[in-house]
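In: with the sequence up front, the predicted model follows.
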Amino acid sequence: MQKEFIILWAVALVLLLIVEGATAQLVTIWFAAGALVALIAALFGAPLWLQVALFIIVSGVTLAATRPMVKKITKRKAQALNADRCIGETAVVTETIDNIRASGAVKVGGVVWTARSSDGSVIEEGKTVTVERIEGVKAIVKES
């Protein structure tokens, strides 16, 4: 009967490690540690209740001890995209902005964006504007 428990814990360990390897973040490593300890206990002939208790205790302790650290390490800081960096920046109109004609462009941060005015006014080429927001691929601007 002990042989079945050894196989059970070995299969559980392998499956948990496969799931861990297939995911981008740590999700089952703590349970794999518990399964490893339970497997070792089974190899030494421990009764099933002790194997299960060790699995639960080791999984819980490793989860509680390392989860906050793992969350801190794996937490990705939001990095501003090019579009987000433009908001609030001063831009130069490179093509007259006319919402009715669906024309206009601005250069901000060395990049040329299709532009529309936020209030519908026509803004002549060469004027400076402030980027209020980005809608799709268009910069919505107001005259400075």
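Out: Okay, I see it. None of the values given here were measured: they were computed from a predicted structure. Numbers count the residues shown, from 1 in each chain.

In: got a pLDDT number for Gln79?
Out: At Gln79, the model reports a pLDDT of 57.

In: likewise for Asn82?
Out: So, for Asn82, pLDDT stands at 58.

In: now swap in Gln2 and tell me
Out: pLDDT, Gln2: 78.

In: same question for Leu48.
Out: Reported pLDDT for Leu48: 93.

In: give the contact list for it.
Out: Applying CB atoms under 8 Å, 6 or more residues apart in numbering, we find Leu48 in contact with Phe5. Placement of C-beta: from N, CA and C, glycine included.

In: could you look up the SS state of Val70?
Out: helix (DSSP: H, G, I helix; E, B strand; the rest coil).

In: dump the residue contacts of it.
Out: Neighbours of Val70 in contact, by CB under 8 Å, 6+ apart: Leu26.

In: for Val108, see how far away it is.
Out: 39 Å (CB to CB, to the nearest Å).

In: equivalent analysis for Lys72, please.
Out: 35 Å.

In: okay, the two: which has more neighbours?
Out: Neighbours were counted for Lys72 and for Val108 using other CB atoms under 10 Å; Val108 has more, 22 against 8.

In: how about the more buried one, nearest residue that isn't a chain neighbour?
Out: With sequence-adjacent residues excluded and distances taken as CB to CB, 6 or more residues apart in numbering, Val108 is closest to Ala91, at 3.7 Å.
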